[in-house]
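> take this sequence and fold it.
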Amino acid sequence: MYLSQSQQKKIKSLTTKKNRQKLSLFRIDRKKIVLEAINENTFPLEYLLMTQDHFDKNDWGEGVQEKIIIASQKQLNNISNHKNQGKLIGVFKTLGYKNKKDNEQKWEIGLWDVQDPSNFGAILRIADWYNINQVICSSNTVDLFNPKVIDASMGSFLRVNVQYTEMYSFLTNYKLPIYKTQMNGRSIYEQEKMGGLILIGNESNGIPIELVGENIHEIGIPKIGSAESLNASVACGIVVDRLVGNC
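Just a heads-up that it's a prediction; the model follows:
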């Protein structure tokens, strides 16, 4: 099958959240992540776009072969967000998602209105690295299927379960410890490791509510130098390493 103009327009439209939700599809533009997504099989494959020469040089196997659409390099470049597009673009279904949550998970990460796609993707990589397979997001957190989130996650979004919810209600009913990160919180180096939810706030406004309860622990990273603040994903990495890692 060869790529039609209508298919090209449809796939290109997946840049926007509105169209991703309308079509229940998202796309991956990087070859490495496309192949990883096919191998992980977390999301069902809808289309696999490639050039004719790439098709001829590889054996795609049963289950993938019938999803292949041949496109010119010019068409791939036109669809992709990357100037130097490779040979593959994958389109996957958001429906039929295979949840890989481990109910025995000791730690989870919560994101309160994190807006930057690169931060979100990097946090998913951190979760994946430390074997945290559950990330809870407020409804205003950036969309998981934003192409920039997928790029920044480098495939980790395939192994981390992401759940969107009304965060305040979720937190008030959460029974395990909640580690609320903030500038003037108790040093993470003094905090006991008990398991629970590590809560990361919005890049500009932090966590704009008061959380009250015996399970709330306000924690922070001690500042030694003069920087005004830390990037959300950097802060998340430091906190996770301290509370979840073997240090």
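> the residue nearest to residue 1 when sequence neighbours are not counted: how many residues sit nearby?
Nearest residue to residue 1, sequence neighbours excluded (C-beta to C-beta, 6 or more residues apart in numbering): residue 69, at 5.1 Å. For the C-beta atoms, the positions are set from N, CA and C on the backbone; glycine is no exception. Number of residues near residue 69 (other C-beta atoms under 10 Å) recorded here: 20.
> start the count at 44, not 1, going forward
Happy to do that; since the first residue is 44 now, the last one works out to residue 112.
> in a strand, that's where residue 112 is, yeah?
Yes: counting by DSSP: H, G, I helix; E, B strand; the rest coil, one finds residue 112 located in a strand.
> for it, which residues make a bridge with it?
Following DSSP bridges, residue 112 is listed with bridge partners residue 92.
> now do the contacts for it.
For residue 112, the contacting residues are 44, 45, 46, 50, 90, 91, 92, 93, by C-beta atoms under 8 Å, 6 or more residues apart in numbering.
> go again using 7 Å as the cut-off
For residue 112, the contact set (C-beta atoms under 7 Å, 6 or more residues apart in numbering) comprises 44, 45, 46, 50, 90, 91, 92.
> same check on residue 220?
237, 238, 239, 258, 260.
> again, 6 Å this time
Contacts for residue 220 (C-beta atoms under 6 Å, 6 or more residues apart in numbering) come out as 237, 239, 258, 260.
> ok, those vs residue 63, which is closest?
When these are ranked by distance to residue 63 (C-beta to C-beta), residue 239 comes first, at 31.8 Å.
> got the contact list for that closest one?
Counting by C-beta under 6 Å, 6+ apart, residue 239 touches 219, 220.
> what are the boundaries of the helices in the protein?
Remark: helices assigned in the chain by DSSP state H are 48-55, 60-66, 74-83, 95-99, 116-122, 160-172, 190-196, 210-215, 275-287.
> in the third one, what counts as buried?
Same thing as helix 74-83. For helix 74-83, burial by neighbour count (16 or more other C-beta atoms under 10 Å) applies to 74, 76, 77, 79, 80, 81.
> got it, and the fifth one?
Going by neighbour count (16+ other C-beta under 10 Å), the buried part of helix 116-122 is 118, 119, 122.
> in TSV: the helices of the chain, plus distance to residue 225.
Formatted as TSV, these follow (distance: least, C-beta to C-beta, whole Å):
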stretch	distance to residue 225
helix 48-55	41
helix 60-66	29
helix 74-83	34
helix 95-99	49
helix 116-122	42
helix 160-172	17
helix 190-196	24
helix 210-215	14
helix 275-287	10
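> of all the ones you listed, which one is nearest residue 152?
Among those, the nearest to residue 152 by C-beta to C-beta is helix 160-172 (5.6 Å).
> ok, the residue of the chain most remote from its centre to residue 201 distance?
Most distant residue from the mean C-alpha position of the chain: residue 99, 32.7 Å away (C-alpha atoms, centre = their mean). As for residue 99, its distance to residue 201 is 28 Å (criterion: C-beta to C-beta, to the nearest Å).
> do the same with residue 267
From residue 267 over to residue 201 (counting by C-beta to C-beta), the distance is 37 Å.
> check what pLDDT the residue nearest to residue 246 when sequence neighbours are not counted gets.
Take residue 246 and drop its neighbours on the chain: the residue closest to it by C-beta to C-beta, 6+ apart is residue 275, 5.2 Å away. pLDDT, residue 275: 94.
> relative to residue 189, how far out is residue 275?
From residue 275 to residue 189 the distance is 15 Å (C-beta to C-beta).
> in terms of neighbours, single out the busier of the two.
residue 275 (25 against 18).
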